[in-house]
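# Below are the sequence and a predicted model; questions follow.
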Amino acid sequence: MANPRTNFIARLDWLTIIIFLLMVVFGWMNIFSATQNEGAAGSIFDFSQRYSKQFYYILTAFVIAILTLSIDGKVWSFFSFPIYGLTLLILPITILIGKEINGARAWIFIGTFSLQPAEFVKFATALALAKVLSDYNFQIHKPKNLLTVGAIIGLPILLILLQKDTGTALVFLIFVLVLFREGLSWVVLFVAALAIILFVCTMLVPLPVLLPVISAIALMITWLYQRNLKFFGYGSLILGGLFGLAALASHFLGEEWSIDRMFFIASFIAFLIWLVIIIRKKHNPLLLILFTWIGAVFFIFSVDFVFHDILQPHQQSRINTILGLESDPLGVGYNLNQSKIAIGSGGFFGKGFLQGTQTRFNFVPEQSTDFIFCTVGEEWGFLGSLFVLALFAGLILRIIVLAERQRSTFSRVYGYGLASILIFHFAINIGMTIGLVPVIGIPLPFFSYGGSSLWAFTLMLFVFLRFDTDRYQIVS
Amino acid sequence: MQNPNSNRKYIIAGMVLTLTAIFIIRLFYIQIIDKSYQLSSNNNSRLRVVEYPGRGMMFDRYGKPLVYNEPVYDLLMLPQQVKAFDTLELCRILSIDIVEFRESVRKAREYSRYRQSAVVRQVSMEQFAMLSERLYKYPGFSFQIRSQRKYPQPIAPHLLGYVGEVNVEDLKKDPYYQSGDYIGKSGLEQEYEEYLRGRKGISFMLVDVHNRLQGKFENGRYDTIPEPGRKLTITIDAALQEYGEKLLAHKKGSIVAIEPSTGEILAMISSPAYDPNELVGRIRGQNFERLMNDSLNPLFNRATMSRYSPGSIFKVVQALVALQLGVIDEFYSVDCNKDIIGCHNHPNAHGLREGIQYSCNPYFYNVFRRIILQGKSTNQFKDSQIGLKIWDEMVFTFGLGQILPTDFPGIKPGLVPDGELYDKMHGANRWAFSTIYSNSIGQGEVETVPIQIANLAAIIANRGFYYVPHFIRSIEGIDTIPQKFKDPVHTAIDPKYFDIVADGMQRVVYDPGGTGWKAQVPGVIVCGKTGTVQNSGGKEDHSGFFAFAPKERPRIAIVAYVENSGAGGMYAATITSLMIEKYMNGTITQADKELSILEYQQF
């Protein structure tokens, strides 16, 4: 076994490289399946077909990977700001000379070849962010520093919005995860995340299931926190008892209360009882759990109320379409619906390579780019989908592990930047194909057809792998 | 170096794992649990190419066509293939409004870029021919042939009914229909939809989303060829129907005529009416709205839905029930004492025949009293309860107070009040004969619809039984009409009593003091009875008359109502007379009567 301290090849993280290779190869197979029907069957090397183009893109990506590995990591650190500035400069130029595709002016054409500069801005921003955060004087909660960080992230968002490429612009919001890792108060993140999760849950899960689950989770957390069952037991008893009382009251008052309402009443009274108990016994940390819990209950009811009683039917249906609860199969929801049909029809084992009728008969739009996961779902079924999910989860987790073992703040922040971008693309792209998030046109990294995205992600990944090989060096 | 926020890596990693878990659950659901996506996938890649069969024609009893089909063309658009085109020229050729056209184009685009939708419906043959020549200038547009209803004579709109596009409920009820299909919405079009519609021919083609054919699905194994709708011969006499409509023009009212020996409906007229051709094609929408909003309610079928008090016509039912119960005999006489119940001036009725002839109110007050108060209980409340129950059972056998099980949608049942109803109105044991006596002369709670009264005339004509009134005479390819129209339905009344009532009804028309002399027809013995329906609210009475003719071996049983036109012996009796003459002789000799009707116009 070669010594990692002396052997570059041994220092490379081969696990990441293997995942990368699996993704690119499997991605190409799916692009082949999705596009080989579009015209007369040609050779893989014939440059007229998407699958053949992608083949060359992949070869180029390998070249980029090798070149990147051979460049000293310090170069990137040193040139962070110039790279950032340069890519940002290209954005307005794109707006001026770029060609419009699907309403966005995000592409530069060099001959027949098109490039999407915004893909590389992600890389540049990750570098710039790493540079700023690794500054010796940087403290995340200093207003001046926060402002700098805000500008670094905000500027590309603004410019990309000007290109009318909302999907790509949204990607930059995910850098908040990097900031979080570097010490940004978690309350912001927690509240935002909780609100999003609760909103989605309220729409997807019936209230009589959701409310007890939420309450059970709150009680469990209390139990974990206190490390004894007392509060958990009493808590369950109080809530259950009050619920029973509410049911009885409803019955004897002759009013037909819904289960939701009974639960709401029980929750509110339970809240008051617990509030008194906690304050008297001075279990102050429990107050946080209690308020979060009652806040969540109120939030769920207000979402439910606002949704059903205040919003107009057409507004409801927009949200429902987004949440996949309702379909407008031939109108706005067309992509989404076709995509779900393609994936859903795959079943457990899938229809087999090249056997997917949905993707091959062009039912799914953008099937080789943003909706490439449909082909996976249809032809490789649940198993194939699991495999792709595992690749992504594995890659992202691996990058987090690698990032944590970096000695320099710069490398670590950059690593988290990369991980965050992957998380966002993974969440949104796969989420939209299976109807969990609104349709936002961003590619699935290493899978979707297209050179810019593949190259940008390859560059980003291998720059990080190079940083990782330098991890034994003394931090300068 | 231990970073202070290092623990947060677990939170971020946790997020990734949670996300992955959510995706796995969701994928498990849509790929394994929910089978509907697999079904959708099968339907998705197939294109149903539909060929529409012609809807069945309808003929009258003598084979005269009442409704047939005319080809029309729907202009279809496939938004994806549409290029810029001369909208103005297109609209000019089709003579449509450009704003409306743009709107339907927008809707079609919104519906789907990849599927055809009809942007202009029911283009006429001439416009189709003109546009076809230039269709090459309009890529993405094509025609689909459909047929639309055409009525050679503008008659019988209510009874034929109309055809319209299927709505959401129709689609839910019957998987045969696809959005955009047509379905019978009312009248016989609705009742015999199943036969009239035929069967669509469907071929399944494998296609991609751009509608490019990828071949026939399973070599056409599931394809079907279209089957034309079946021809329907109905019982209507078109000439009689047309004549009745002419008589009722500009009046509110209805006529129903039945052949007593078969129950076949010879004519069913409701006025005001409309030209059925108005509810066809592109003009349908605006005309339908206009008719809906018309205060005279021309879409309302008075013959089956107008609930009137039967008035004096009901006296014959009272007489028959009383005779059957033995509470009176044919010689039963009553002095016309107007103390309890009002009456007009006429000699006292000696015997039942005169009772009917004079339509004496006190006479039938006493008849009804004898039916209700039979002395079966000493408590008059209980006695009334018992009497009413017996009366109810008998009256029901006349087909009253129930929806006649005929082949026509939307018939009202009318009302024959029973003890339960009065218990609800007044409380149990708190009503007696004195509460309900108005029913004796067909006022009070009892209500009937015209078709029931025509059927009542048929019952008396047949001396005690009826065939369920119906419209169907034959369906192409089917040997027989439903058995329920071929079995006589007997009333609870002995046939021998009907001759007495028929005598009385003859006197109504022919004897001095009879109320219906205007119903006479030269050379035919008509038996009839007036029914003047009092209206609350100070409006003029409804004029009603029912009759059958000839007295022996009757060929027609008929009822006529003219709303707000006064006594039954006037307009309703005259119309009855003319209708009977028209049906029996084919010509009208009573020109003066005809003129008096045609000159009477309510609107």
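Looks like it came in fine. Numbering: from 1, shown residues only, chains lettered A, B, ... in the order given.

# Is the helix ranked longest in chain A positioned near chain B?
In chain A, with assignment by DSSP state H, the single longest helix is helix A:372-404. Yes - Helix A:372-404 is in contact with chain B by Cβ under 8 Å from any Cβ of the partner chain, via A:377, A:381-382, A:385-386, A:389-390, A:392-393, A:396-397, A:400, A:403-404. For every residue, glycine as well, the C-beta is placed using N, CA and C.

# what's the burial count for the closest residue to chain A within the stretch 351-500 of chain B?
In the stretch 351-500 of chain B, the residue that lies nearest chain A is B:K424 (24.5 Å; Cβ to the nearest Cβ). B:K424 sits with 9 neighbouring residues when counted by other Cβ atoms under 10 Å in any protein chain shown.

# Name the helix or strand for it, please.
Assigning secondary structure by DSSP states H and E places B:K424 in helix B:419-426.

# What of B:F546?
Residue-wise, B:F546 maps onto strand B:542-549 under DSSP H and E.

# same for that strand, what does it pack against?
helix B:450-461, strand B:527-533, strand B:556-562, helix B:571-585 (3 or more Cβ pairs under 8 Å, 6 or more residues apart in numbering or on different chains; DSSP states H and E).

# run the last query once more with 10 Å
strand B:253-259, helix B:450-461, helix B:496-510, strand B:527-533, strand B:556-562, helix B:571-585 (3 or more Cβ pairs under 10 Å, 6 or more residues apart in numbering or on different chains; DSSP states H and E).

# need those in TSV with mean pLDDT and mean neighbour count, can you?
Compiled in TSV, these are given as follows (pLDDT from 0 to 100; neighbours: other Cβ atoms under 10 Å in any protein chain shown):
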stretch	mean pLDDT	mean neighbour count
strand B:253-259	95	29
helix B:450-461	96	28
helix B:496-510	94	22
strand B:527-533	91	29
strand B:556-562	95	31
helix B:571-585	94	26
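
# In JSON lines, list those along with distance to chain A.
Formatted as JSON lines, the helices and strands packed on strand B:542-549 follow (distance: least, Cβ to the nearest Cβ, whole Å):
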{"stretch": "strand B:253-259", "distance to chain A": "42"}
{"stretch": "helix B:450-461", "distance to chain A": "42"}
{"stretch": "helix B:496-510", "distance to chain A": "56"}
{"stretch": "strand B:527-533", "distance to chain A": "46"}
{"stretch": "strand B:556-562", "distance to chain A": "45"}
{"stretch": "helix B:571-585", "distance to chain A": "51"}
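
# Reformat the ones you listed as TSV; add distance to B:Q443.
Listed next are the helices and strands packed on strand B:542-549 as TSV, based on distance: least, Cβ to Cβ, whole Å:
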stretch	distance to B:Q443
strand B:253-259	20
helix B:450-461	15
helix B:496-510	19
strand B:527-533	8
strand B:556-562	16
helix B:571-585	17
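
# Neighbours of residue 410, how many?
Going with chain A. Around A:F410 there are 25 other residues, counting by other Cβ under 10 Å.

# I was after chain B.
So B:G410, with other Cβ under 10 Å, has 15 neighbours.

# Then B:I386?
By other Cβ under 10 Å, the burial measure for B:I386, its neighbour count, is 18.

# for the one 3 residues further on, same thing?
By the measure other Cβ under 10 Å, the count of residues near B:K389 is 12.

# The nearest residue in space to it that is not next to it in sequence: what's it in contact with?
When the adjacent residues along the chain are set aside, B:K389 lies closest to B:G419, with 6.1 Å between them (Cβ to Cβ, 6 or more residues apart in numbering or on different chains). Contacts for B:G419 were tallied using Cβ atoms under 10 Å, 6 or more residues apart in numbering or on different chains; they are B:S384, B:Q385, B:I386, B:G387, B:L388, B:K389, B:D392, B:A428, B:W431, B:I436.

# From these, which one has the minimum pLDDT?
The lowest pLDDT within these belongs to B:A428, with 86.

# With A:W107 as the reference, measure out to that one.
Using Cβ to Cβ, to the nearest Å, B:A428 is found at 86 Å from A:W107.

# The two - which one has more neighbours?
Neighbour count, other Cβ under 10 Å: between B:A428 and A:W107, A:W107 has more, with 20 against 12.

# I'd assumed A:Q163 was in contact with that one.
Yes - between A:W107 and A:Q163 there is a contact under Cβ atoms under 10 Å: 9.1 Å.

# Mutual contacts of the two, please.
A:T94, A:G98, A:E100, A:Q116, A:P117, A:A118.

# Just among the residues you listed, which is most surrounded?
Among these, the one with the most neighbours (other Cβ under 10 Å) is A:A118, at 27 neighbours.

# Any regions of the stretch 151-300 of chain A where pLDDT drops low?
Applying pLDDT under 70 to the stretch 151-300 of chain A flags the ranges A:228, A:254-256.

# Point out the residues in it that sit beside chain B.
A:177-178, A:180-184, A:186, A:189-190, A:193, A:197, A:200, A:204 (Cβ under 10 Å from any Cβ of the partner chain).

# Just those: which are in strands?
Taking DSSP state E, every one of those sits outside strands.

# need those residues in CSV with neighbour count, can you?
Shown next, in CSV, are those (neighbours: other Cβ atoms under 10 Å in any protein chain shown):
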residue, neighbour count
A:L177, 22
A:V178, 27
A:F180, 21
A:R181, 27
A:E182, 22
A:G183, 16
A:L184, 19
A:W186, 13
A:L189, 17
A:F190, 13
A:A193, 13
A:I197, 13
A:V200, 16
A:L204, 13
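
# Residues touching stretch A:64-76, excluding its own?
A:8-9, A:12, A:17, A:20-21, A:24, A:78, A:83, A:123, A:126-127, A:130-131, A:408, A:410-411, A:414, A:454-456, A:458-471, A:473, A:476.

# Could you give the number of residues near the residue in chain A positioned nearest to chain B?
In chain A, no residue comes nearer to chain B than A:G344, which is 2.4 Å away by Cβ to the nearest Cβ. For A:G344, the neighbour count with other Cβ under 10 Å is 28.

# re earlier: output the residues of helix A:372-404 next to chain B in a markdown table, with neighbour count and pLDDT appended to each entry.
As requested, the residues of helix A:372-404 next to chain B are arranged in a markdown table below (neighbours: other Cβ atoms under 10 Å in any protein chain shown; pLDDT from 0 to 100):
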| residue | neighbour count | pLDDT |
| --- | --- | --- |
| A:G377 | 36 | 90 |
| A:G381 | 22 | 90 |
| A:F382 | 20 | 93 |
| A:S385 | 27 | 95 |
| A:L386 | 17 | 95 |
| A:L389 | 20 | 96 |
| A:A390 | 14 | 96 |
| A:F392 | 26 | 96 |
| A:A393 | 20 | 96 |
| A:I396 | 25 | 96 |
| A:L397 | 17 | 96 |
| A:I400 | 22 | 95 |
| A:A403 | 24 | 93 |
| A:E404 | 15 | 92 |
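
# quick one on the thing from earlier: would you mind giving me the confidence score for the residue of the stretch 351-500 of chain B closest to chain A?
91.

# Out of the residues of helix A:372-404 next to chain B, give me the two with the largest separation.
A:G381 and A:E404 (34.9 Å; Cβ to Cβ).

# and the strand holding B:F546, how far from the chain's centre?
How far strand B:542-549 lies from its chain's middle: 21 Å, per Cα atoms, centre = their mean, to the nearest Å.

# what does stretch B:249-267 give?
13 Å.

# Can you dump the C-alpha atoms of that stretch in CSV for me?
C-alpha atoms of stretch B:249-267 as CSV (Å, rounded to 0.1, in the frame of the first residue of the first chain):
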residue,chain,number,x,y,z
ALA,B,249,-99.7,28.9,-30.2
HIS,B,250,-99.6,32.1,-28.2
LYS,B,251,-101.2,30.5,-25.3
LYS,B,252,-99.9,28.9,-22.2
GLY,B,253,-101.0,25.3,-22.0
SER,B,254,-100.7,21.7,-22.9
ILE,B,255,-102.4,18.9,-24.7
VAL,B,256,-101.8,15.2,-24.3
ALA,B,257,-103.6,12.6,-26.5
ILE,B,258,-103.5,8.9,-26.0
GLU,B,259,-104.8,5.9,-28.0
PRO,B,260,-106.7,4.1,-25.2
SER,B,261,-106.5,0.6,-26.8
THR,B,262,-102.6,0.7,-26.7
GLY,B,263,-101.5,3.5,-24.4
GLU,B,264,-99.7,5.1,-27.3
ILE,B,265,-99.2,8.8,-27.0
LEU,B,266,-100.6,10.4,-30.1
ALA,B,267,-99.5,13.9,-29.3
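
# Many thanks, have a good one.
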